[in-house]
Structures are given as C-alpha cells and as structure tokens.
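Undergrad: generate a structure from the sequence data that follows.
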Amino acid sequence: MYLKIDQSKPNDVVAFGRATIDLYANEIGPMEDAVTFTKYVGGSPANTAVAMSHLGLNVGYIGMVSDDQFGRFITRYLSEQGVDTSHIAIAAPGIRSGVTMGEIKPGECSCFMYRRDCADLHISCAQLDEDYIASHKLLLISGTSLTHSPAREAVFLAIDIAKRHGVAVSLDLDYREGTWDSPEEASIYYTLAARQADMVLGTREEFDVMESLFHRGNKDDAASAGWLLEAGVSLVSIKQGKKGSHIFTSQGKTVGGIYPAQVLKTFGAGDAYSSAFTFGLLRDMTLDQALRYAAAASSITISGHSCSGSTPTLPQVEEYMQSHQYVLADEA
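TA: Numbering: from 1, shown residues only. Down below sits the predicted model:
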C-alpha cells in the first residue's frame, strides 16, 4: 500500500475548496466570436468529487457557495451526482461564487477566471467539523484555497485535523495564474502545505511554481519528488500531459502512459486523472493499475464538453481500457 489508508472509516474522500460555475462556449473558435455558452459546475475539487462519485466512491464536500441562483445550482448539482453537500456553507450576502469562462479551440483551449473575493475563499476555520473530516479515509485539498484568507488558514487547520485522526491528505496544486497576489506567495504556501501532505499531485509547470523560491531552476521530476519524500510525503504524482505521468514513492519511480482520445477540450483531464488514480489507491490497486484507470478516465473526460459532467462511471472506464491500447510515453 502506497498510502496509509484507514479502511475502517465509513466514508472515502472529502474534498475541500473551489466549487464554482463554468460557462463554456458552444461555438468552436476564439472567445470573442462565441455567442452562446453552456453552464456547468466547475472547480477542480468539485470536478474531482463528482468524478470520484461516478466511480462509486463515497464522497463529501467542504465548501462555500453564494446565496443566489448560482450557489443553489452548484449545491443541487453536486447532491444529484451523489456528493454529500451537508458541509457546504452559504456565503454572506453580496459574496458571489466564482465563474470561469471557457474557450473551445482546435488544439488549444483557454479560460478566464473571475475569483475576486469569491465565496469559496471565505471557507473559515469555524466552518470545519472535526468529526466530519475524521470520518473520511482521505482529505483532498485544492491549492486554489491557499490563495487568500480565510480559506488559507482553514486549509492548514483541516490538514491538522486530518493528520490527528489518521485521514490521508492529498494536495492537488491546482495552480491558476492570476489568482495569486504574487508568484512568491504561491511558492511559499504551496511548499508549506505540500510538506504536510501524504500525496502531492500537479503538472510539471505547477511544480515549477511551487519550487520557484526554494528549489530555483529545478526542472527534474526526481529532484522535485526527492525533497517531498524526505519531508514525509508518501507519493508524488507529476503529470506530463500527452506524455503520461511520473509517480514517485520510497520504492522508486513508476511511469504512467496514455490512451488515445478524441480531444474536444483539455479542461478536466487532471481532475479525472486525480479521481481515478485516487480510486485505485483506495481500492488497493498497484500503481500501474491505478495509472491505467487514471489515463482512461482522462481520455474520456476530454472528449466531452464539460468537466464534471463528462467524467465517466466505473463501467465506462473499464470498457475504455478493454477497447483502447495503453501506451507508455517512451513507446509512443
């Protein structure tokens, strides 16, 4: 077992942080030419929570949404997808849920995020329920919750509660340019949180942001994993996009591959990967098996228009694995 998981706990995963609105263009092309948009629930931890629920995990959520139509839409959707929303709080009047505008372009996609003083950044220490966190096997933290207070302080308290009760902590760096006040601040708070996690996940570019102050110039995955493993992290996942991923534990390195995909948009691939990989770990799969599930879930998700709504069920993932060829990066 690569993570120490207390299987006696009644619930699987509790996600913490960003649950927002995604508005994705229906027209393919530059954002300025888009005319109509479809509304979805978005935000990395929300997408991952829905994806985990679709795979059959028992998932809870710690969040905050606006006291308006968007907030009600977010909470209702998560509940309909099987996510426990009993610990999603309502923000004070005038505080809005974040919004992301997504552009769909062949070969590339971009997004515009509106997160100034948004609802999920108002998650507070007082909101945290120790018994609720303690009832889960794993706490999933999104790095976007570290950008501003009071959510920043609530992250560190949630991690402390989890560690005191034997709940594994997974940190998804989830870096979003423009949401931090400075790159230096991102590097500091990512590093502080990562050193306390049991599992750290991110892209190579996200690790570069985290390491920009304390490990200047490093671009080597093994070196990135090395200082985290020395700090007590059990597993480090560095995603390489079309080149798969690299997993590091005290037992060495495992390379993850890819499945072919009909790509409509690149959004959501990392969230689908995180959900299925974590599913595999909680089900005591080998790293290679968990990586295959993660790759299949990612390939399915990026073929759909939304992030959360395009995440597959467990039978869909397993059928995809049977009908498509899995290729390691060095064999592609």
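Undergrad: just the strands in the chain please.
TA: 11-16, 20-28, 37-42, 59-65, 84-90, 99-105, 108-114, 136-142, 168-172, 199-203, 235-239, 245-249, 252-256 (DSSP state E).
Undergrad: from the contact counts, what lies against the fifth one?
TA: To tie it back to what came earlier, the one meant is strand 84-90. Judged by 3 or more Cβ pairs under 8 Å, 6 or more residues apart in numbering; DSSP states H and E, the packing partners of strand 84-90 are strand 59-65, helix 69-80. Using the backbone N, CA and C atoms, a C-beta is placed for each residue, glycine as well.
Undergrad: do you know how far the closest residue to Leu57 other than its chain neighbours is from Val255?
TA: Using Cβ to Cβ, 6 or more residues apart in numbering and skipping the chain neighbours, the partner closest in space to Leu57 is Asp12 (4.2 Å). Asp12 is 27 Å from Val255, where distance means Cβ to Cβ, to the nearest Å.
Undergrad: need the winner for burial among the helices and strands packed on strand 84-90.
TA: For the helices and strands packed on strand 84-90, the largest average neighbour count (mean count of other Cβ atoms under 10 Å) is found in strand 59-65, namely a mean of 27.
Undergrad: okay, angle between that one and strand 20-28 too, please.
TA: 90 degrees (axes from the mean of the first three to the mean of the last three Cα atoms, to 10 degrees).
Undergrad: okay if I get the strands of the chain as CSV plus mean pLDDT and distance to Ser53?
TA: Shown next, in CSV, are these (pLDDT from 0 to 100; distance: least, Cβ to Cβ, whole Å):
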stretch, mean pLDDT, distance to Ser53
strand 11-16, 98, 9
strand 20-28, 93, 18
strand 37-42, 95, 12
strand 59-65, 98, 5
strand 84-90, 98, 9
strand 99-105, 89, 21
strand 108-114, 82, 24
strand 136-142, 98, 12
strand 168-172, 98, 16
strand 199-203, 97, 19
strand 235-239, 96, 21
strand 245-249, 95, 23
strand 252-256, 94, 23
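Undergrad: related to what we said a few turns ago, just checking, the residue nearest to Leu57 touches Leu282?
TA: Yes - contact criterion Cβ atoms under 8 Å: Asp12 and Leu282 qualify, at 5.9 Å.
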